[in-house]
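Participant: predicted model, plus sequence, below.
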Amino acid sequence: MGDMLHYEFMQNAFIAVLLVTPLFGLLSTMVVSNKMAFFADSLGHGAFTGIAVGAIVGLVSPRVSLAIFSVAFAVAITWIKTHSRASTDTVIGVFSSTAIAIGLMIMSHGGGFNKYSSFLIGDILAITKSDIVALAVVFVAVVLIWGVLFNRLLILSINAPFAMSRGISTFWVECAFASLVAVVVSISIEWVGILIINSLLVLPAAAARNVTNDVKSYTIVSVLIAMASGVAGLTIAYESDMAAGATIVTCAAVMFFVTMIMRARFIK
């Protein structure tokens, strides 16, 4: 790792990993507990359309439209699944397929798709110091908001009717959490990639759940697994000249299977 950190772009990537992966580990606990894996996947599709809309509007940075559209997309899904008789997976499926179709239509018009194809795979090595500053701001904001929402989210994940009886506005809590996930996805999607970003919102908590029995350890282990996957994946990607985002996700997947085996042996 010493040689790797001699380069400024690797230093930036390493700092970014330490800022982004804890957020994925934190948010993934509620994504998994609330069975929102499909929803998290749809955010990646919505983000793609956000990039396309930004290109049409002519924004200097596609990240601005990406973030705005992702939050609006998340809130819209939350509102419709709350007020519609259709099942949640149907609502999410409709939004997801529509978003990716519209995004592809816009991107492919006039041969402009290649300009934004890098968002599909991601490149964390392209991160800059200004990006790190933005990540640091998002990191602090997400952690603070998470602290405010945590108890409400926990009660909601256990029993929604009970949460409502305690005076918790389930719709607004869900909207706030969905917006948090949308912001984290939008700010990191350029470096992780649309195709695999959902994995980082599922694997850390899924692995942690295999080896923990209480909320505190579940959260801590999920964050640690996400960070360990990030550092190991970045190092392996550098040494092997592979895509960093995909390697990080692969490391998280390995940890999931290892913890699954550990759980199976423990139960026996």
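Facilitator: That came through fine. Residues are numbered from 1 along each chain as shown.

Participant: going by C-alpha atoms from here, please, whenever you check contacts or count neighbours.
Facilitator: Will do.

Participant: what are the buried residues along stretch 249-257?
Facilitator: 249-253, 255-256 (16 or more other CA atoms under 10 Å).

Participant: quick one, longest helix in the chain?
Facilitator: Among the segments of the chain that qualify as a helix by DSSP state H, the longest is helix 129-158.

Participant: centre of the chain versus that one, how much separation?
Facilitator: On the basis of CA atoms, centre = their mean, to the nearest Å, helix 129-158 sits 12 Å off its chain's mean C-alpha point.

Participant: now that helix: average pLDDT?
Facilitator: Across helix 129-158, pLDDT averages out at 86.

Participant: packing partners of it?
Facilitator: Using 3 or more CA pairs under 8 Å, 6 or more residues apart in numbering; DSSP states H and E as the contact criterion, the elements in contact with helix 129-158 are helix 8-33, helix 160-165, helix 170-192.

Participant: where in the chain is pLDDT low?
Facilitator: Low-confidence segments of the chain, defined by pLDDT under 70, span residues 1-5, 52, 54-63, 86, 107-121, 194-195, 266-268.

Participant: list the buried residues of stretch 255-267.
Facilitator: With burial defined by 16+ other CA under 10 Å, the residues of stretch 255-267 counted as buried are 255-256, 259-260, 263.

Participant: how about stretch 214-228?
Facilitator: Those buried within stretch 214-228 under the rule 16+ other CA under 10 Å are 218-228.

Participant: filter those residues down to just the ones in strands.
Facilitator: Using DSSP state E, no member of the buried residues of stretch 214-228 falls within strands.

Participant: most widely separated two among these?
Facilitator: Between all members of the buried residues of stretch 214-228, the longest pairwise span (CA to CA) is found for Y218 and A228 and amounts to 15.3 Å.

Participant: can you name the residues that contact A74?
Facilitator: Going by CA atoms under 8 Å, 6 or more residues apart in numbering, A74 touches 43, 175, 178-179, 182.

Participant: one more pass at 7 Å, please.
Facilitator: By CA atoms under 7 Å, 6 or more residues apart in numbering, A74 lies in contact with 43, 178-179, 182.

Participant: closest to K129 among those?
Facilitator: The shortest separation between K129 and any of these is 22.4 Å, and it belongs to A182 (by CA to CA).

Participant: how close does the closest one get to F39?
Facilitator: 10 Å (CA to CA, to the nearest Å).

Participant: more neighbours: which of the two?
Facilitator: Per other CA atoms under 10 Å, whichever of A182 and F39 has more neighbours is A182, with 26 against 23.

Participant: that one: what's it in contact with?
Facilitator: Under the contact definition (CA under 7 Å, 6+ apart), the residues listed for A182 are 43, 70-71, 74.

Participant: which ones among these map onto helices?
Facilitator: Secondary structure from DSSP H places 43, 70-71, 74 of these in helices.

Participant: F73: what's it in contact with?
Facilitator: Taking CA under 7 Å, 6+ apart, we find F73 in contact with G46.

Participant: distance of it from A13?
Facilitator: Summarising the geometry, the distance separating F73 from A13, computed by CA to CA, is 28 Å.

Participant: cool, D241 as well?
Facilitator: D241 sits 14 Å away from A13, going by CA to CA.

Participant: same question, S240
Facilitator: Between S240 and A13 the distance is 16 Å, computed by CA to CA.

Participant: which one's more surrounded, these two?
Facilitator: Set side by side, S240 and A13 show unequal neighbour counts under other CA under 10 Å, the larger going to A13 at 25 against 11.

Participant: can you name the residues that contact the more buried one?
Facilitator: For A13, counting by CA under 7 Å, 6+ apart, the contacting residues are 124-125, 127.

Participant: which one of those is nearest to L23?
Facilitator: Relative to L23, and with distances defined as CA to CA, the nearest of the contacts of A13 is I124, at 15.9 Å.

Participant: what's the closest non-adjacent residue to the closest one?
Facilitator: Here the nearest residue to I124 in space, its sequence neighbours aside, is W191; by CA to CA, 6 or more residues apart in numbering that works out to 4.1 Å.

Participant: coming back round to it: in a markdown table: the helices and strands packed on helix 129-158, plus distance to V202.
Facilitator: Supplementary listing: those in a markdown table, determined by distance: least, CA to CA, whole Å:
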| stretch | distance to V202 |
| --- | --- |
| helix 8-33 | 5 |
| helix 160-165 | 21 |
| helix 170-192 | 12 |
